[in-house]
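Novice: Please find the sequence and the predicted model below.
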Amino acid sequence: MKFATFSKIWVVGLALLLASSAFAATKANLILTGPTKVNGTTLQAGKYVMEWDGSGPNVEVSVIQGKTIVAKLQAKLVDLKAAPDQGACVTKNDADGTPVLAGVQFAGRKFSLELSGANSVGQASAK
C-alpha cells in the first residue's frame, strides 16, 4: 500500500516538474554598445536580459535590466542552419538616426529572434 502511494506521488511530482520546465522562459543576455530603441523606448548602452516563453514562431519578449522590465515586444523565433560562434544585435536606423533593435542572434544557439529589418550590428550573448 505504501509503495502504491509513493509511486503515485512520484509520478505526479515528475509530471509537475516536466510541465514547469516545458513552460519555463528562455533567457539570453543582451549587450547594447550604444543607445538603442526597443519598441519605442530608448535603452542606454549596457547589459540587459531578454526573456521569452514558448518555442515560437511568435513569442513575446521582455527586456529586463536588474529586476525591472524596461521593454516588451513581439518577436519571431527563426531557426538557423548552424549556431553562430558569436552573438549579435541587428539594428536599423530610425528616421532620426537612432538605432532600433531589429533582431538578435545568440552564440551557440540555432535560432534567432527577428524583430524587423536590419542594417548594422552590435553584440549579444546567450545565457
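Specialist: Good, I have the coordinates.
Novice: Got phi/psi on residue 111?
Specialist: phi -150, psi 160 (degrees, to the nearest 10).
Novice: Contact partners for it?
Specialist: Residue 111 is in contact with 56, 77-80, counting by C-beta atoms under 8 Å, 6 or more residues apart in numbering. C-beta here means a position set from N, CA and C on the backbone, and glycine is covered the same way.
Novice: Is it bridged to anything, and to what?
Specialist: residue 79 (DSSP bridges).
Novice: Doesn't residue 59 lie inside a strand?
Specialist: Yes. With DSSP: H, G, I helix; E, B strand; the rest coil as the criterion, residue 59 is assigned to a strand.
Novice: Confirm for me that it is in contact with residue 77.
Specialist: Yes. Using C-beta atoms under 8 Å, residue 59 makes contact with residue 77 at a distance of 5.9 Å.
Novice: tell me, what's touching those two both at once?
Specialist: Joint contacts of residue 59 and residue 77 (C-beta under 8 Å, 6+ apart) are residue 113.
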